[in-house]
Each structure stands twice: as structure tokens, then as C-alpha cells.
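starting from these lines, generate the structure:
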Amino acid sequence: MSDKRVTMKDIAKEAGVSTATVSYVLNYSEKEKISHETRMHIFEVANKLKYVPNMNAKTLASQRSYLVGIIINMEGRNKKSKIYQYYDLSREIQRKLYPKGYDVVLLPAKEMEKDIVIGQKRSLDAVFILDMDEELQKAIASRFYVPAIFIDGYIEDPIFCKILTDYESVLQVAQKQLGDRFYVVMEDHFNRNVYETISKRIPPKDIFINRYDSSLIQFLQEHHNQKGLVIGELLGMQVENYADNRNISVVVNSDKDIMLLPDTKLIIVSNKQKAEKAVEIMDRLLRLDNLDEVERVSYIHPLGTDN
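Below is the predicted model:
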């Protein structure tokens with residue numbers, strides 16, 4: 001095996017791009033707007049060739065802004081439960097990033113085109129994108145030229161890293177708590193896979209999606225004395241007002257500061273775990289650390305399960 005040091009020129013030849021493009025990418029420069037796909041391809045080639053930057057850690061660190069963006073989808077109505085969940089997740093991500101010297105820029109996007117342009121003006125090292133449909137996720141990722149990690153939003157393209165709630169495991173836990181037949185109350189997720197996973201197990205007539213034109217009270221009246229799974233703590237509080245809480249299980253994101261009644265059954269899908277996984281993946285992408293082994297899809301299971 002040759003001991004010849006791998007250069008940016010070697011990476012450029014292997015990746016089929018110019019040496020200047022490799023330099024821009026590996027030095028985290030934003031002088032040229034290079035697509036996320038091209039950047040990830042160059043990172044993967046650099047990792048494959050075992051490239052070692054010809055600079056000390058201090059110089060390498062100086063190429064970074066130590067700013068990370070968190071984009072939260074605020075579009076639509078009747079999404080208080082999800083917004084509460086995602087702000088809690090953002091706080092957990094902040095807690096994981098601060099000891100590493102990072103500051104966080106929250107980008108709550110109500111008018112996507114306008115708000116994302118604001119985010120583009122900041123020099124970010126990475127972005128976390130929460131709850132978007134696939135078309136919008138791709139459009140947003142194309143606007144940023146740093147690693148983009150999706151949380152609770154599915155995108156088919158394998159080049160992107162996704163962190164998702166394992167709803168199949170959630171349903172299995174609910175079945176243990178509630179029995180074989182139960183209804184589901186949930187928010188209107190942009191991630192279509194959430195509904196598709198649930199509808200394989202639960203008939204559509206037994207699934208309530210919290211849209212502005214739907215009536216939770218009417219749905220619960222129609223399912224009087226039946227057992228139900230509620231996804232989201234604020235939605236769970238609403239259901240407690242109209243249904244026997246002993247007949248419901250609620251998916252929450254922490255076992256602390258629970259606002260539900262003490263005897264309401266819980267299924268905990270930890271935001272802390274999501275944040276840990278998100279920051280771990282971000283670190284590896286920024287360090288070019290065995291990128292071929294970085295999980296493209298990471299599932300977060302309910303606490304207490306063996307998955």
C-alpha cells in the first residue's frame with residue numbers, strides 16, 4: 001500500500017469535480033454555492049480515500065461559524081401540539097450543542113420562501129429541518145450548502161439523513177396498554193409515512209387528524225367508551241376533557257413536567273434521544289468521520305422497548 005498523502009486533487013479526480021470545488025467544500029467555504037448532494041459526495045469520497053486535512057485543529061475550526069440552524073415548520077393551523085413538541089425538541093438540541101461551543105439560530109418558518117432567505121444570510125455549519133413534506137424539504141435543503149438533517153420528516157433521497165419516530169413500535173406499545181382495538185388521535189403530519197404506518201393497523205374511520213375543519217368532540221362522542229391512542233401531549237390534554245383518561249394512552253416526549261392527569265397512560269418517545277442522535281450525526285458529517293457508516297435513517301423507539 002502506498003504511503004502517498006491523499007490530496008484535494010486526488011479527491012477531485014475521484015469525485016469528478018474541480019479541485020477548487022473540493023477546496024470550497026472541505027474548507028466549509030460559502031464563496032461558491034455548491035449543492036448539498038455535491039458536498040455530501042465530496043465528503044464521502046474524502047472519507048473513502050482516507051483524506052487527512054493538511055492543517056491543525058485550530059485552523060480547521062476557524063473555518064466554521066459554530067452556528068447551527070433549526071428550521072421549524074409553522075405553516076398551517078391547529079398545530080399547537082406539534083409546535084410545542086418541536087420547540088421542546090429544539091431546546092434539547094440546544095442543550096446538546098452548547099457544550100460543544102455551538103450557538104443555535106431558530107428559524108420558525110411561516111412563509112417559507114421569505115423566512116428561509118433570512119436563514120440563508122447567516123453562515124451556518126449545519127441545519128436541522130423539522131416536519132416538512134418531501135418537496136419542501138428538498139427545496140429547503142437546496143438553499144443551504146451545509147449538512148441538512150431531517151427530524152420527523154421523511155425524504156426518499158438516500159443522501160439525506162433522517163431521524164424518525166418508530167410508529168410501528170408506538171402502535172405495539174399501545175396494543176399492550178389498550179388491547180387490540182383502539183382509535184388514534186393525531187396531528188396533521190407533513191410526513192405521509194406517519195399516517196401510512198398507522199392506517200395499516202387502524203381503520204381510517206378510527207383515525208382522527210386534527211385539522212381546522214374537523215371536530216375532535218364529535219369524533220370522541222362517536223368513539224364513546226372505546227380506548228384510544230393520542231399522539232402529542234397537548235392533544236392528550238384536550239382528549240382528557242371529553243373522554244375517560246383511563247381509556248387512553250398518550251405519546252409524550254419526556255417523562256418530566258407532564259401536564260396530563262396522573263393516571264393517564266404514557267408512551268414516551270424521547271426528544272432527548274432524538275437530539276442526541278441528531279447532534280451525533282452532525283458531528284460525524286462535519287468531521288468526515290466514516291461517512292459510509294453514518295445511518296441515513298435512524299428510528300427512535302419508545303422508551304422501555306427492546307428495539
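
which helices and strands does whichever strand or helix holds Leu97 pack with?
Element membership for Leu97, per DSSP states H and E: helix 80-97. If you count contacts as 3 or more CB pairs under 8 Å, 6 or more residues apart in numbering; DSSP states H and E, helix 80-97 packs onto strand 67-73, strand 103-109, strand 126-130, helix 233-240, helix 271-287. (Glycine included, C-beta is placed from N, CA and C.)

what's the distance between Lys205 and Gln226?
Here Lys205 is placed at a distance of 12 Å from Gln226 (CB to CB, to the nearest Å).

neighbour count: the two, which is higher?
Neighbour totals were compared for Lys205 and Gln226, and Gln226 leads with 16 against 10 (other CB atoms under 10 Å).

quick one: the strands in the stretch 51-200 of the chain?
Remark: strands assigned in the stretch 51-200 of the chain by DSSP state E, counting those that start in this stretch are 67-73, 103-109, 126-130, 148-151, 161-165, 183-187.

which of the ones you listed sits closest to Val173?
strand 161-165 (11.9 Å; CB to CB).

what is the least confident helix or strand in the protein?
The least trusted helix or strand in the chain, going by mean pLDDT, DSSP states H and E, turns out to be helix 57-62, with a mean of 44.

ok so, going back, mean pLDDT for the helices and strands packed on helix 80-97: which is lowest?
Among those, strand 103-109 carries the lowest mean pLDDT, at a mean of 78.

got the angle for that one vs strand 67-73?
Counting by axes from the mean of the first three to the mean of the last three CA atoms, to 10 degrees, strand 103-109 lies at 20 degrees to strand 67-73.

the closest residue to Glu92 other than its chain neighbours: how many residues sit nearby?
Excluding its sequence neighbours, the residue lying closest to Glu92 (CB to CB, 6 or more residues apart in numbering) is Ala275, at 3.6 Å. Residues contacting Ala275 under the criterion other CB under 10 Å number 23.

from Lys9, how far off is Ala275?
Ala275 sits 39 Å away from Lys9, going by CB to CB.

after the helix or strand harbouring Ile209, which helix or strand is next?
For Ile209, the host element (DSSP H and E) is strand 207-210. Counting by DSSP H and E, the next helix or strand C-terminal to strand 207-210 is helix 216-222.

who does that next one touch, helix- and strand-wise?
Using 3+ CB pairs under 8 Å, 6+ apart: helix 216-222 touches strand 183-187, strand 207-210, helix 233-240.

in that helix, what counts as buried?
216, 219-220 (16 or more other CB atoms under 10 Å).

quick check on the residue nearest to Val239 when sequence neighbours are not counted: phi, psi?
Using CB to CB, 6+ apart and skipping the chain neighbours, the partner closest in space to Val239 is Val230 (5.0 Å). Main-chain torsions, Val230, degrees, to the nearest 10: phi -120, psi 130.

Val230: how many residues sit nearby?
Neighbour count for Val230, taken as other CB under 10 Å: 30.

ok, it touching Gly236?
Yes - the pair Val230 and Gly236 qualifies as a contact (CB atoms under 8 Å) at a distance of 4.5 Å.

quick one: common contacting residues for these two?
Shared contacts of Val230 and Gly236, defined by CB atoms under 8 Å, 6 or more residues apart in numbering, are found at 248, 250-251.

quick one: buried residues of the helix holding Leu97?
Buried, per 16+ other CB under 10 Å, within helix 80-97: 81-86, 88-90, 92-94, 96-97.

in strands, which of the shared contacts of Val230 and Gly236 fall?
248, 250-251 (DSSP state E).

buried only: go through those for me.
Using 16+ other CB under 10 Å, the buried ones in those are 248, 250-251.

for those residues, could you give me JSON lines that also reports pLDDT?
Compiled in JSON lines, those are given as follows (pLDDT from 0 to 100):
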{"residue": "Ile248", "pLDDT": "97"}
{"residue": "Val250", "pLDDT": "97"}
{"residue": "Val251", "pLDDT": "96"}
